[in-house]
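I'd like to go over a predicted model; first the sequence, then the structure.
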Number of protein chains: 2
Amino acid sequence: MATTEPIPDADRPGRTGFLLARAGGRAIRSLNRALEPFGLRSRHYTVLSASAARGGLSQRELGEILGVDPSAVVALVDDLERAGLVRRDPHPDDRRTRLVVVTAAGQVTLAETRELARRVDDGLLAALTPTERATLETLLERLTDPS
Amino acid sequence: MATTEPIPDADRPGRTGFLLARAGGRAIRSLNRALEPFGLRSRHYTVLSASAARGGLSQRELGEILGVDPSAVVALVDDLERAGLVRRDPHPDDRRTRLVVVTAAGQVTLAETRELARRVDDGLLAALTPTERATLETLLERLTDPS
DNA sequence: TATTGTTATACTCTATAACTATA
DNA sequence: TATAGTTATAGAGTATAACAATA
């Protein structure tokens, strides 16, 4: 069966998008597995991490950062609030918006899960040198944040 | 260390995985939208493209390439077969396996959708120079195919 | 015994529309 | 009129286990 010849790269439109999708899927699944003991999933970690980093974000802002629909943010914050990891505080200037703030318990969980996330990334990117890894991250940032 | 201070940009564990997931999600959604007129989705295109490139693949091989569960491959090939774009041919040496082969109609659809995929990739990667784009692709290949 | 494909199933994720309360 | 959040819902994606046919 002569089906294993290499395919010329020029003949693979959509290949970069496919590689991104496959790598992204693996990243999500790896982190989901690692977070299982905490009853959390990748998205929960990202909400927690982003909220802590910015010291309180509106759900709209979270949705933009995550690239997720506002209705999905509601469900994620519901989960985290039920687990006592975040609060929904009133916004000082706008009574429509609610600031998602990480609680003390959330900070503890975040510290623990950060270690897991670091290890998951290390695993995913094990084939790259530190320099290459930094290059990849820079290119990915530029992809989605052109300015 | 106070627990409420913002996290510096350099210290965001899981950030690369997150960027991969976000970029991958955008790639999938963009291609899905572009393929809508054909009644196909990203995964269908990838199955079609991979099968054509290798001149017939078993469903197990497709699953490995796509990073998808065998049961999901069944559904994808069902869709494509129903649309007349692929056939399931018997494997000459192993009566358990079925080779997914692109039909003449499938080749036509593939030619048309390749153009779409190319344009979707161009849009996603518009912020990068050709050299950077090649670098990104190389790094992504190394991520998931270390050898 | 192990593997390929298949079915069934349950759960997660994504996207949309409609609603409320505010602005 | 427009925006932030919410609810409900349907469709797509993912993962698992169990099974028949074949190796």
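Looks like it came in fine.

residue ranges for the strands of chain A, please.
Ranges of strands in chain A, per DSSP state E, are A:57-58, A:86-90, A:98-102.

so who does the residue nearest the centre of chain A touch?
Closest residue to the average C-alpha location of chain A: residue A:46 at 4.4 Å, with CA atoms, centre = their mean. Under the criterion of CB atoms under 8 Å, 6 or more residues apart in numbering or on different chains, the contact list for residue A:46 reads A:66, B:14, B:18. In short, each C-beta sits where N, CA and C put it, glycine included.

again, only using 7 Å
A:66, B:18 (CB atoms under 7 Å, 6 or more residues apart in numbering or on different chains).

and what of the one 4 residues further on?
Under the criterion of CB under 7 Å, 6+ apart, the neighbours of residue A:50 are A:57, A:62, A:65.

ok, now which ones touch the last one?
Residue A:65 sits next to residue A:50 when contact means CB under 7 Å, 6+ apart.

Leaving out the residues flanking it, which one is nearest to residue A:102?
Nearest residue to residue A:102 in three dimensions, chain neighbours excluded: residue A:52, at 4.5 Å (CB to CB, 6 or more residues apart in numbering or on different chains).

coming back round to it: among the contacts of residue A:50, show me the least confident.
Ranked by pLDDT, the contacts of residue A:50 bottom out at residue A:65, which has 92.

Isn't residue A:32 up against residue A:43?
No. Look at residue A:32 against residue A:43 with CB atoms under 7 Å: they stay out of range, at 9.2 Å.

Of those two, give the one with the bigger neighbour count.
residue A:43 (22 against 16; other CB atoms under 10 Å in any protein chain shown).

What score does that one have for pLDDT?
In this model, residue A:43 is scored at 96, pLDDT.

any idea how far residue A:75 is from DNA strand C?
Applying CB to the nearest atom of the strand, to the nearest Å, one obtains 7 Å for the distance of residue A:75 from DNA strand C.

likewise residue A:55?
21 Å.

and that residue, how many neighbours?
13.

swap in residue A:104?
Residue A:104: 11 surrounding residues under other CB under 10 Å.

Next: the one 3 residues further on.
Residue neighbour count, defined by other CB under 10 Å, stands at 16 for residue A:107.

now do residue A:40
23.

Tell me who's in contact with the residue in chain A that chain B sits nearest to.
Taking CB to the nearest CB, chain B has its nearest neighbour within chain A at residue A:24, 2.5 Å off. Each residue near residue A:24 by CB under 7 Å, 6+ apart is listed here: B:20, B:21, B:23, B:24, B:25.

which bits of chain A sit near DNA strand D?
Contact residues, chain A versus DNA strand D (CB under 7 Å from any atom of the strand): A:25, A:29, A:58-61, A:63, A:70-71, A:73-75, A:77-78, A:88, A:94, A:96-98.

Separate out the buried members of the residues you listed.
A:25, A:58, A:59, A:61, A:63, A:73, A:77, A:97, A:98 (16 or more other CB atoms under 10 Å in any protein chain shown).

and those residues, which of them are in helices?
Here DSSP state H is the test, and those give A:25, A:59, A:61, A:63, A:73, A:77 as lying in helices.

Looking at those, spot the one nearest residue B:139.
Using CB to CB, residue A:25 is the member of these that lies nearest residue B:139, at 16.8 Å.

Residue B:67 is in contact with the closest one, correct?
Yes. When contacts are counted by CB under 7 Å, residue A:25 is listed as touching residue B:67 (6.2 Å).

distance of the residue nearest to the centre of chain A from residue A:72?
From residue A:46 over to residue A:72 the distance is 12 Å, taken as CB to CB, to the nearest Å.

Please apply the same query to residue A:57.
Remark: distance between residue A:57 and residue A:72 (CB to CB) = 15 Å.

Give me the more crowded residue out of the two.
Per other CB under 10 Å, whichever of residue A:57 and residue A:72 has more neighbours is residue A:57, with 22 against 14.
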